[in-house]
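Visitor: just the structure for this:
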Amino acid sequence: MPKSVNQDQVPSPSPSATYVFRGPARIPIRARTNDQPLYVSTQSTIWKWYDGGLSFEVNWGEIYLDPSLLEIFKGFIAHSLERYAPRTVEMFSRLLKRMSKNGILNNFPWGSNEVVLAATRLSNSRHDLFSFRAFYRWALNRGLVGFSQEVYLAIKEIKSNHVDPYSRIFLSQVGLELNEEIRLLKRIESEVGRDGWISLQSNILLHLGFELAPRSIQFHALDISDFEIVRAAGLDTYYTLWLPMAKKFGQRRPERRPRKITISLGKKIESHIAKLRCRFGATCEALFVGPTGKRLSTTDIGKNLKSELREAGIERPSQVSMLLRHHLGQGLADQGTPSELIAELLGHNSTVAARAYVTATPNIARIKEKALGKSPAYQRIMHSLLTGEIVQRRDTSAEREVRGVVDMQYIGDIGACALSAHTHCPYNPVYACYTCKKFHPFADGRHEQVKEALQREAQRFIDMAEQAGELRHNRTLAQHQTTILAVIATIDRCQGHIKESENDSV
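Guide: Residues are numbered from 1 along each chain as shown. As a prediction, the model looks like this:
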């Protein structure tokens, strides 16, 4: 029987042992700031912890589960409080409350089929399914009775019914429109502080959100000491903000990374800090506070940002700080910033979201296509005109049409092959066609569909190559890129052909 949830290295209990939670009286948690409790008391029926200025709790007296299962959940929550971020533990506690309320797996021990059915039911929520897997894995790793490897593997196979978190970035324009950005900048540059330090603070939140796009929890965790001023030998002054990172694995305290800010924003923050010191004294640590000097919660920060956006004439009720993050990520991608740098600037754990900004939104696609005009590879393809002449679908016999599969998608109606109908091309249809003189593209062919399919397939190659550490000098990726350029060149030619035909008919 384990003596403490801290002792992950202790031997597994014997199969006959019944788990009883005997953890420490106080559990240290991952606190982001010095002005929130650093420990959770396990002596009370109610376990309470804090994050982002908000409180979370589990009232064990209101959780109606089998007593032995309740003890196991106590051990899991205690372990999670030490290991995971407070918000993650709050997500685990929601699963616990849902199971208690809806009667999911209340009795223990569980049958194998019962667990799989329950996990399937929980798959309606990505968070619930993730939480249940984490709980089952924790109990399994400790050799607790009633948990098996076979059942855990079955749970892992269950897919949650959720939309990919980055699909919105891939499928639509999620940043600010040009006219919205102009209004936002006017709001940022408007006269601030006329209504006191609170209005100045709200303007700083908006300005900082535009420049660095922190998450709400990062705004919340900023301290006055994170603001750094460097006065050069001359008259120049430079401002740096040591931004606390969020969602970084394995950190007990948030890592802070330096971020340069503009002089105009630096001067605002410098003036703001002076007002805070005058009003609340040297004991005030937080950079953003309420009227009583207490650190602003993430909820209050969201309300302030929403109000500022509304004053700027931007109505996005479901987006606040994330709108500004998407806008910054998209703006960086528009300028050709590598996905690795975008991920670093936005504080992402991986380049998945950054690649979404780079590859998918409509504006980026248009900008990238315009930028291709400066690409040597694109210019060579355009000059050589690797495909044959452009033709009309109605002038081509069906047996000469080119059909094939790209990215597991059947594609036709793109063009015709000049080879004899009885001659088999030695190359892969569709992939090789756009760099072949024998290929005659249809003027109104589905070339955009080919381009999109190739881009998706190339992205999958990137993901696999990145995992294998073979992203550099990858011939498959280079070939895909060349083919995509050729498809885009063909699209340009077809569009020019259609315009010329329309002018001739006038």
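Visitor: which parts of stretch 388-408 are buried?
Guide: Going by neighbour count (16 or more other Cβ atoms under 10 Å), the buried part of stretch 388-408 is Gly388, Ile390, Val391, Thr396, Glu401, Val402, Gly404, Val406. Just so you know, the C-beta spots here come from the backbone N, C-alpha and C atoms, and that holds for glycine as well.
Visitor: and if you look at stretch 219-234?
Guide: Buried-residue list, stretch 219-234, by 16+ other Cβ under 10 Å: Phe219, His220, Ala221, Leu222, Asp223, Ile224, Asp226, Phe227.
Visitor: residue contacts, the fifth one?
Guide: To tie it back to what came earlier, the one meant is Asp223. Residues near Asp223 by Cβ atoms under 8 Å, 6 or more residues apart in numbering: Thr33, Glu285, Ala286, Leu287.
Visitor: between those, which has the most around it?
Guide: Neighbour counts for the contacts of Asp223 peak at Leu287, which has 25 neighbours (criterion: other Cβ atoms under 10 Å).
Visitor: quick one: the residue lying closest to that one once chain neighbours are set aside and Glu255, what's the gap?
Guide: Excluding its sequence neighbours, the residue lying closest to Leu287 (Cβ to Cβ, 6 or more residues apart in numbering) is Leu222, at 4.2 Å. In this view, Leu222 and Glu255 are 14 Å apart by Cβ to Cβ, to the nearest Å.
Visitor: what sits in contact with each of those two?
Guide: Any residue near both Leu222 and Glu255 by Cβ under 8 Å, 6+ apart counts here, and that gives Pro244.
Visitor: could you dump the buried residues of stretch 388-408 into a markdown table and include secondary structure, pLDDT and distance to Asp128?
Guide: Converted to a markdown table, the buried residues of stretch 388-408 look like this (DSSP: H, G, I helix; E, B strand; the rest coil; pLDDT from 0 to 100; distance: Cβ to Cβ, whole Å):
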| residue | secondary structure | pLDDT | distance to Asp128 |
| --- | --- | --- | --- |
| Gly388 | coil | 83 | 56 |
| Ile390 | coil | 88 | 54 |
| Val391 | strand | 89 | 55 |
| Thr396 | coil | 85 | 54 |
| Glu401 | strand | 89 | 49 |
| Val402 | coil | 90 | 48 |
| Gly404 | strand | 89 | 42 |
| Val406 | strand | 88 | 37 |
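Visitor: closest to Ile29 out of the residues you listed?
Guide: Ile29 has its nearest neighbour among those in Val406, at 49.9 Å by Cβ to Cβ.
Visitor: the closest one touches Ala458, doesn't it?
Guide: No. Contact criterion Cβ atoms under 8 Å: Val406 and Ala458 do not qualify, at 10.6 Å.
Visitor: next one: stretch 295-308 to chain centre, how far?
Guide: Centroid separation between stretch 295-308 and its chain, computed with Cα atoms, centre = their mean, to the nearest Å, is 21 Å.
Visitor: for Ser271, helix, strand, or coil?
Guide: helix (DSSP: H, G, I helix; E, B strand; the rest coil).
Visitor: just give the number of residues close to it.
Guide: By the criterion of other Cβ under 10 Å, Ser271 has 15 neighbours.
Visitor: isn't it right next to Leu200, touching?
Guide: Yes. In terms of Cβ under 8 Å, Ser271 counts as a neighbour of Leu200; the distance is 6.9 Å.
Visitor: quick one: low-confidence parts of the stretch 51-200 of the chain?
Guide: 161-174, 192-195 (pLDDT under 70).
Visitor: quick one: the strands in it?
Guide: All strands of the stretch 51-200 of the chain, identified by DSSP state E, counting those that start in this stretch, fall at 54-59.
Visitor: what's the answer for the stretch 301-450 of the chain, then?
Guide: Taking DSSP E, counting those that start in this stretch, the strands of the stretch 301-450 of the chain run over residues 404-406, 409-411, 415-417, 439-441.
Visitor: which among the ones you listed is found nearest to Lys260?
Guide: The closest of these to Lys260 is strand 404-406. By Cβ to Cβ, the value is 43.6 Å.
Visitor: which residues are contacting that closest one?
Guide: Residues contacting strand 404-406 (Cβ under 8 Å, 6+ apart): Tyr410, Ile411, Gly412, Asn428, Pro429, Val430, Tyr431, Val450, Ala453, Leu454, Glu457.
Visitor: partner strands of that strand and their direction?
Guide: Within its sheet, strand 404-406 is paired with strand 409-411 (antiparallel), according to DSSP bridges.
Visitor: give the buried residues for the partner strand.
Guide: Ile411.
Visitor: as TSV, the contacts of Asp223 with distance to Leu153 and secondary structure would be great.
Guide: Formatted as TSV, these follow (distance: Cβ to Cβ, whole Å; DSSP: H, G, I helix; E, B strand; the rest coil):
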residue	distance to Leu153	secondary structure
Thr33	40	coil
Glu285	48	coil
Ala286	47	strand
Leu287	47	coil
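Visitor: would TSV of those with distance to Thr476 and pLDDT be doable?
Guide: Shown next, in TSV, are these (distance: Cβ to Cβ, whole Å; pLDDT from 0 to 100):
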residue	distance to Thr476	pLDDT
Thr33	48	89
Glu285	53	93
Ala286	51	95
Leu287	48	96
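Visitor: nearest to Lys97 among these?
Guide: Distances from Lys97 to those, taken as Cβ to Cβ, are shortest for Thr33 (26.6 Å).
Visitor: isn't that closest one up against Arg295?
Guide: Yes. Using Cβ under 8 Å, Thr33 is in contact with Arg295, at 6.6 Å.
Visitor: before we move on, back to that, which one of the contacts of strand 404-406 is nearest Ala78?
Guide: Glu457 (46.0 Å).
Visitor: show me how far stretch 31-40 is from its chain's centre.
Guide: Remark: stretch 31-40 is offset 26 Å from the chain centroid, using Cα atoms, centre = their mean.
Visitor: run through who's touching that stretch.
Guide: With Cβ under 8 Å, 6+ apart as the test, stretch 31-40 has contacts from 26-29, 47-53, 81, 217, 220-221, 223, 244, 253-254, 285-286, 295.
Visitor: in the stretch 301-450 of the chain, which ranges drop under the pLDDT threshold?
Guide: For the stretch 301-450 of the chain (pLDDT under 70), the answer is 317-319, 334-336, 349-386.
Visitor: what residue spans form the domains of this structure?
Guide: Split into domains by automatic domain parsing, the chain comes to 26-156, 170-364, 375-505.
Visitor: would you list those in TSV and tack on distance to Thr18?
Guide: Putting these into TSV (distance: least, Cβ to Cβ, whole Å) gives the following:
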stretch	distance to Thr18
domain 26-156	6
domain 170-364	32
domain 375-505	42
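Visitor: so which of those domains is nearest Tyr19?
Guide: Nearest to Tyr19, of all the domains of the chain, is domain 26-156, at 5.2 Å by Cβ to Cβ.
Visitor: longest helix of the chain?
Guide: As assigned by DSSP state H, the longest helix anywhere in the chain is helix 475-505.
Visitor: now do it: which elements does it pack against?
Guide: Where contact means 3 or more Cβ pairs under 8 Å, 6 or more residues apart in numbering; DSSP states H and E, helix 475-505 is packed against helix 376-384, strand 439-441, helix 447-468.
Visitor: what is the mean pLDDT for it?
Guide: Across helix 475-505, pLDDT averages out at 79.
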